[in-house]
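J.: Pasted the sequence and its predicted model underneath.
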Protein chains: 2
Amino acid sequence: MRAAVMRGDRFAVETRPDPTPGPGEVVVKVKACGICGSDLHYFHHAPDIIAMAAKLGAPTEEMHRTLDAGPILGHEFVCEVVDFGPDTVRTIARGARVCSVPFVLKNGAPVLIGSNPETPGAYAEYMTLTEALLVPVAEDTPTEAAALTEPVGIAVHAVNKAKLAPGETAIIVGCGPIGLAVIAVLKARGVRAIIASDLSPKRRELADAMGATTVVDPRAESVIAAAAAVVPGAPAVIFENTGARGMLNQLVLEAPQNARILVTGIPPGEESFIPMLAITKEIAMQFVIYYTPEEFAEALHLIQSEAVNWRPLITGTVGLSGVTRAFKDLEDPERHAKILIDPALA
Amino acid sequence: MRAAVMRGDRFAVETRPDPTPGPGEVVVKVKACGICGSDLHYFHHAPDIIAMAAKLGAPTEEMHRTLDAGPILGHEFVCEVVDFGPDTVRTIARGARVCSVPFVLKNGAPVLIGSNPETPGAYAEYMTLTEALLVPVAEDTPTEAAALTEPVGIAVHAVNKAKLAPGETAIIVGCGPIGLAVIAVLKARGVRAIIASDLSPKRRELADAMGATTVVDPRAESVIAAAAAVVPGAPAVIFENTGARGMLNQLVLEAPQNARILVTGIPPGEESFIPMLAITKEIAMQFVIYYTPEEFAEALHLIQSEAVNWRPLITGTVGLSGVTRAFKDLEDPERHAKILIDPALA
């Protein structure tokens, strides 16, 4: 099979052996796979990430082994079942389209897809998945829509963790794919005041399309001040999705009393802030990254029912040979939000 | 009347005019007033606090005016009603003992006691309070017990914000008066695993007396590791009460997955931590300082019903002329937890 393998500063299309399914596993044909911000982060900073892990005392052997072998990334996938291993129940038929949380079960324990050379990701024609974790995609759902299940799942989880009460204002700082998905989920949940900000005019346009009720340019005005003007005195729930250096400090400085800050953006290294301010305002910070299997399934349901307007999120599709170029293009927020990889293309 | 007035690096007993009650106000005789950690912080760092407020763009006129006039601190008080102003309903009789949240209402707006020269605190023989905010103390409750209502109120608030579920482990980092009060409230709420740590042997003894189920010396072992040994795999709720530099970073480093960190300790200046770690572990940080009037009343109820073992908390009582010495003594955790001021003493 063909796979886009990360080799230093580019992705090489290489031929790898077709996967064979182990017990409880299925082989799937990748129909589409989104390029995630964390893939970009890994592409640009893999040695730094491993160094940080080592500094924190985490085991890094598998990380080194994966990087040396040539990583096959890709965890936002929709696939078609093509083969079954032993000990499979086959409730989901051959030919059916499926999603899955990005884990496979090895001796009953979840292993993150892409975390070692034996569990490669979906930047490839085929991969193996654990049958018990498959979530079927409805027949009338476009493949590209289902490929957004994973990032929308993160948004569902962040919104769940935020526990918005009626009348609370949602503030979205940074409208990359996660920020945009958060906006869509908030809209689907009936939140009335969704105030979003992004430096990019294109991203502000997308925020509007996804359901933001007010969109601001942070160079022209503070999004927190803008939110206070929309619903004066309303408690604020702030979703920080930029991962920009100093943003957390800035938000603690500007946030109103009792603000809750949901942090999905990962800044590199250390960040500082003023605890005295956070305490005086009784600020809460909730850091989020995952989702539960239920939240993953809810994300697919929101997409299938069109409760989430997924179309504006997808701004491009490439084949395996286009991955290097797509990673470059994604650096420009004026051009793209989410690019999908379709291995059937050249 | 006599008052202990903060003058630079000491408290001078000065004579001030007896207060007269305005509309809706009562004059009270101070029976006891606790020395709070925030009083110590202000005593040692008042100019820095004002400089920080100025740097953050906050108005500092009243702060300067208060410091220049000679601050009368004291917001953990129990008093006796001695006189009524106009427009008072007098449901609480002259001679009754009362507590109050440390605010007075001026034209309907709450003004923090001690925040300007016109609303002095309880390091004095008399003060004025707002009648509508008084909470009566039961007849059989010792005065010194009722004086702990304010710090116990902070603990009630912190524990409420923590929203502990059955089976969750509480970890208390730092057993000063707030940490000790948190232990007592957790015990009153029936929390089974209360693991506390403090550098001071005396404070560890007090933690045990207040209801901690395991007490550790952080120089000998990590309190988080100790908690994990007590209830393996239990979600952890960590109360950080030290305000020590670098502690937040350390807790993010050591905390288990999904830990919630309740921050009551205020470190000076900026603090840094590694967001990537906080995100990977989905950590929540809740900064706390206040309480609601309901939580204040609940604190008094917990004390009156002896659900909170308040006795070990009080380690000394001084008169107004002993305040300077008490502030010095409180620097040594081996000697004291809470010192009360009784203006009737010399």
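T.: Sure thing, it's come through. Numbering: from 1, shown residues only, chains lettered A, B, ... in the order given.
J.: C-alpha only now, for contacts and for neighbours.
T.: Noted.
J.: Which residue, other than its chain neighbours, is closest to the residue of the stretch 151-300 of chain A found nearest chain B?
T.: Using Cα to the nearest Cα, the single residue of the stretch 151-300 of chain A nearest to chain B is A:Ser272, 3.8 Å away. Spatial nearest neighbour of A:Ser272, excluding adjacent residues (Cα to Cα, 6 or more residues apart in numbering or on different chains): B:Ser272 at 3.8 Å.
J.: now swap in A:Ala158 and tell me
T.: Computed as Cα to Cα, 6+ apart, the closest residue to A:Ala158 that is not its neighbour in sequence is A:Val288, at 6.2 Å.
J.: That neighbour reaches B:Leu277, doesn't it?
T.: No: using Cα atoms under 8 Å as the test, A:Val288 is too far from B:Leu277 to be in contact (10.7 Å).
J.: Between these two, point out the one with more neighbours.
T.: A:Val288 (26 against 23; other Cα atoms under 10 Å in any protein chain shown).
J.: what's near enough to touch that one?
T.: A:157-158, A:262-264, B:279-280, B:282-283 (Cα atoms under 8 Å, 6 or more residues apart in numbering or on different chains).
J.: next one: phi and psi at the residue of the stretch 151-300 of chain A closest to chain B?
T.: Here is the backbone geometry of A:Ser272 (degrees, to the nearest 10): phi -120, psi 160.
J.: need the contact list for it.
T.: Counting by Cα under 8 Å, 6+ apart, A:Ser272 touches A:246, A:248-249, B:270-273.
J.: would TSV of the residues you listed with distance to A:Leu206 and pLDDT be doable?
T.: As requested, those are arranged in TSV below (distance: Cα to Cα, whole Å; pLDDT from 0 to 100):
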residue	distance to A:Leu206	pLDDT
A:Gly246	25	96
A:Leu248	24	97
A:Asn249	27	96
B:Glu270	36	92
B:Glu271	35	96
B:Ser272	34	96
B:Phe273	33	96
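J.: Show me how to select, in PyMOL, the buried members of those residues.
T.: A single PyMOL command selects the buried members of those (16 or more other Cα atoms under 10 Å in any protein chain shown):
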select buried, (chain A and resi 248+249) or (chain B and resi 271+272+273)
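J.: For the closest residue to A:Pro23 other than its chain neighbours, give me its contacts.
T.: Excluding its sequence neighbours, the residue lying closest to A:Pro23 (Cα to Cα, 6+ apart) is A:Pro86, at 4.6 Å. Neighbouring residues of A:Pro86 by Cα under 8 Å, 6+ apart: A:21-25.
J.: What's the biggest helix in chain A, counting residues?
T.: With secondary structure taken from DSSP state H, chain A has its longest helix at helix A:37-55.
J.: which stretches of chain A form helices?
T.: Taking DSSP H as the test, the helices found in chain A are A:37-55, A:61-69, A:143-146, A:149-162, A:177-188, A:201-210, A:223-230, A:247-254, A:275-280, A:293-304, A:323-329.
J.: Out of those, which one sits most buried?
T.: Comparing these by mean neighbour count (mean count of other Cα atoms under 10 Å in any protein chain shown), helix A:177-188 ranks first with a mean of 27.
J.: other SSEs contacting it?
T.: Secondary-structure packing of helix A:177-188 (3 or more Cα pairs under 8 Å, 6 or more residues apart in numbering or on different chains; DSSP states H and E): helix A:149-162, strand A:169-173, strand A:194-197, helix A:201-210.
J.: Could you give the bridge partners of A:Ala236?
T.: Beta-bridge pairing of A:Ala236, defined through DSSP bridges, involves A:Thr169.
J.: What residues does the stretch 201-346 of chain A have near chain B?
T.: By Cα under 8 Å from any Cα of the partner chain, the residues of the stretch 201-346 of chain A that approach chain B are A:253, A:263-264, A:266-276, A:278-290.
J.: list the contacts for the residue of the stretch 51-200 of chain A at minimum distance from chain B?
T.: When scored by Cα to the nearest Cα, the stretch 51-200 of chain A has A:Leu56 as its residue closest to chain B, at 7.8 Å. Shown in contact with A:Leu56 (Cα under 8 Å, 6+ apart): B:Leu253.
J.: Now do A:Val5, the pLDDT please.
T.: At A:Val5, the predicted lDDT confidence score is 98.
J.: Please verify my assumption that it contacts A:Gly70.
T.: Yes: the pair A:Val5 / A:Gly70 is scored as a contact, 5.7 Å apart, by Cα under 8 Å.
J.: Give me the more crowded residue out of these two.
T.: Shown here are A:Val5 and A:Gly70; by other Cα under 10 Å, A:Val5 has more neighbours (25 against 17).
J.: Can you give me the distance of the more buried one to A:Phe43?
T.: Distance, A:Val5 to A:Phe43, using Cα to Cα, to the nearest Å: 11 Å.
J.: if I look at the two, which residues touch both of them?
T.: Taking Cα under 8 Å, 6+ apart as the criterion, A:Val5 and A:Phe43 do not both touch any residue.
J.: what is A:Cys112 paired to in the beta sheet?
T.: Not Cys; residue A:112 is Leu. For A:Leu112, the beta-bridge partners are A:Phe103 (DSSP bridges).
J.: quick one on the thing from earlier: turn the contacts of A:Pro86 into CSV, columns for pLDDT and neighbour count.
T.: Formatted as CSV, those follow (pLDDT from 0 to 100; neighbours: other Cα atoms under 10 Å in any protein chain shown):
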residue, pLDDT, neighbour count
A:Pro21, 97, 18
A:Gly22, 95, 17
A:Pro23, 96, 14
A:Gly24, 97, 19
A:Glu25, 97, 23
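J.: In strands, which of those residues fall?
T.: Judged by DSSP state E, the contacts of A:Pro86 include A:Glu25 as members of strands.
J.: any chance of the contacts of A:Pro86 in TSV, plus distance to A:Ile238?
T.: Output for the contacts of A:Pro86, formatted as TSV (distance: Cα to Cα, whole Å):
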residue	distance to A:Ile238
A:Pro21	44
A:Gly22	44
A:Pro23	44
A:Gly24	42
A:Glu25	40
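J.: could you point out where the stretch 101-250 of chain A is predicted with low confidence?
T.: Applying pLDDT under 70 to the stretch 101-250 of chain A flags no residue at all.
J.: chain center to stretch A:67-85: distance?
T.: The chain centre lies 16 Å from the centre of stretch A:67-85; the measure is Cα atoms, centre = their mean, to the nearest Å.
J.: Please save the CA atoms from that stretch in CSV.
T.: The C-alpha trace of stretch A:67-85 is given here as CSV (Å, rounded to 0.1, in the frame of the first residue of the first chain):
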residue,chain,number,x,y,z
LEU,A,67,10.3,9.1,14.7
ASP,A,68,13.2,6.9,13.4
ALA,A,69,10.9,4.5,11.5
GLY,A,70,9.1,7.4,9.7
PRO,A,71,5.8,8.3,11.4
ILE,A,72,2.5,7.7,9.6
LEU,A,73,0.2,10.3,11.1
GLY,A,74,-3.6,10.6,10.8
HIS,A,75,-6.2,10.2,13.5
GLU,A,76,-9.2,12.0,12.0
PHE,A,77,-10.4,9.4,9.7
VAL,A,78,-13.4,7.8,8.0
CYS,A,79,-12.8,4.4,6.5
GLU,A,80,-14.4,1.5,4.7
VAL,A,81,-14.2,-2.0,6.2
VAL,A,82,-12.4,-4.4,3.8
ASP,A,83,-11.3,-7.4,5.9
PHE,A,84,-11.9,-9.1,9.2
GLY,A,85,-9.3,-10.7,11.5
